[in-house]
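1. Mind looking at a prediction? Sequence and model below.
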Amino acid sequence: MNIIDTMKSRFTCRAFTSEPIDNETILSIVEAARWAPSWGNTQPWEIFVANGESTDRLRKAYSERLSNGVPVNPDITRPLPKDWPPALKERSEKLMHDLAEFLGLDRNGRNVMRDLMVRNFLFFDAPAVIFLCMDRSLTPWSLFDLGAVSQSIMLIACEYGLGTAVAVQFASYPDLVRQELGIPENLSVCIGIAIGKIDTTSPQNAFRATRRAVNEVVRIKG
Ligand SMILES: Cc1cc2nc3c(=O)[nH]c(=O)nc-3n(C[C@H](O)[C@H](O)[C@H](O)COP(=O)(O)O)c2cc1C
């Protein structure tokens with residue numbers, strides 16, 4: 001697949017099959033993704049992977065916390081705006097609305113959010129989750145670098161015929177992730193990428209989010 005086809009065919013996979021994925025495949029994907037650019041070549045990413053039984057233990061622990069109503073406690077909180085600019089808020093609400101309509105769910109936004117949250121906390125049944133971490137002292141520039149490596153991981157996974165889902169919700173309980181994967185305290189658990197075989201029978205995976213028109217996004221002069 002060429003890069004443009006890969007860009008356009010990647011989507012957030014929200015249902016994985018139970019087929020395991022081996023550590024060697026994950027290593028090969030990260031081996032290529034670490035060529036992503038970063039501020040001053042600082043390469044701030046520290047990557048920890050839960051695979052197989054490790055993912056299952058985390059899945060169970062996350063779901064228990066959700067059922068018991070334990071408040072989430074992510075390491076990265078500051079970049080979340082207090083009020084989203086109206087146009088961005090509208091797009092995010094449109095996503096929830098479109099998803100609900102597509103899946104034939106109750107249009108009440110809260111129910112859609114709850115359903116999505118429950119499945120987020122199950123890591124969409126993925127066999128493995130790649131957690132991206134960085135030193136706590138770092139700033140949004142390093143998060144930019146983590147974004148670059150995240151997209152690289154997701155595109156390379158497509159090459160391997162694998163689906164991915166990047167989700168902040170996977171980093172909702174960093175203490176659990178830290179404990180399971182031996183992540184030191186000086187690192188923030190920023191985000192997770194679920195990875196595995198796409199469940200092509202799930203309606204969740206037939207949904208495609210829309211994009212703004214290119215001439216709305218870009219202004220060229222000259
Ligand atoms: C930084 C970031 C955080 C995200 N967090 C979540 C999440 O917690 N749960 C989720 O279901 N999707 C999450 N997503 C996926 C977005 O909803 C998705 O990328 C967007 O709707 C566009 O859809 P697409 O990836 O299928 O093209 C996240 C994406 C990004 C880039």
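-> Received it, and whenever you're ready, just let me know what you need.

2. residues from this structure in reach of the ligand?
-> Proximity of the chain to the ligand, by Cβ under 6 Å from any ligand atom, involves residues Phe11, Thr12, Leu95, Leu116, Asn120, Val166, Ala167, Val168, Gln169, Ala209. Backbone N, C-alpha and C define where each C-beta goes, glycine included.

3. Just the buried residues of those.
-> Neighbour-count burial (16 or more other Cβ atoms under 10 Å) is assigned, among those, to Phe11, Thr12, Leu116, Asn120, Val166, Ala167, Gln169.

4. in the chain, which helix has the most residues?
-> helix 140-159 (DSSP state H).

5. Which residues does it contact?
-> Contacting residues not belonging to helix 140-159 are listed as 1, 3, 6-7, 9-10, 29-30, 32-39, 42-45, 76, 79, 130, 132, 134-135, 163-164, 166, 190-191, 193, 195 [Cβ atoms under 8 Å, 6 or more residues apart in numbering].

6. Run through who's touching the worst-scoring helix or strand of the chain on mean pLDDT.
-> Within the chain, no helix or strand scores below helix 109-120, which has a mean of 80 by mean pLDDT, DSSP states H and E. Identification of contacts with helix 109-120 by Cβ under 8 Å, 6+ apart yields 14-15, 63, 66, 93, 96-97, 99-100, 105-106, 167, 169-170, 204.

7. Among the residues you listed, which ones are in helices?
-> Among those, the members found in helices (DSSP H) are Ser63, Leu66, Glu93, Met96, His97, Leu99, Ala100.

8. want to try CSV for those residues, with neighbour count, pLDDT and distance to Ile183 as columns?
-> CSV is the format used below for those (neighbours: other Cβ atoms under 10 Å; pLDDT from 0 to 100; distance: Cβ to Cβ, whole Å):
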residue, neighbour count, pLDDT, distance to Ile183
Ser63, 14, 95, 20
Leu66, 19, 94, 21
Glu93, 12, 89, 34
Met96, 16, 86, 31
His97, 13, 87, 36
Leu99, 18, 86, 31
Ala100, 19, 84, 35
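
9. With respect to the ligand, which of those residues is nearest?
-> The nearest member of the ones in helices among the contacts of helix 109-120 to the ligand, counting by Cβ to the nearest ligand atom, is Leu99 at 8.4 Å.
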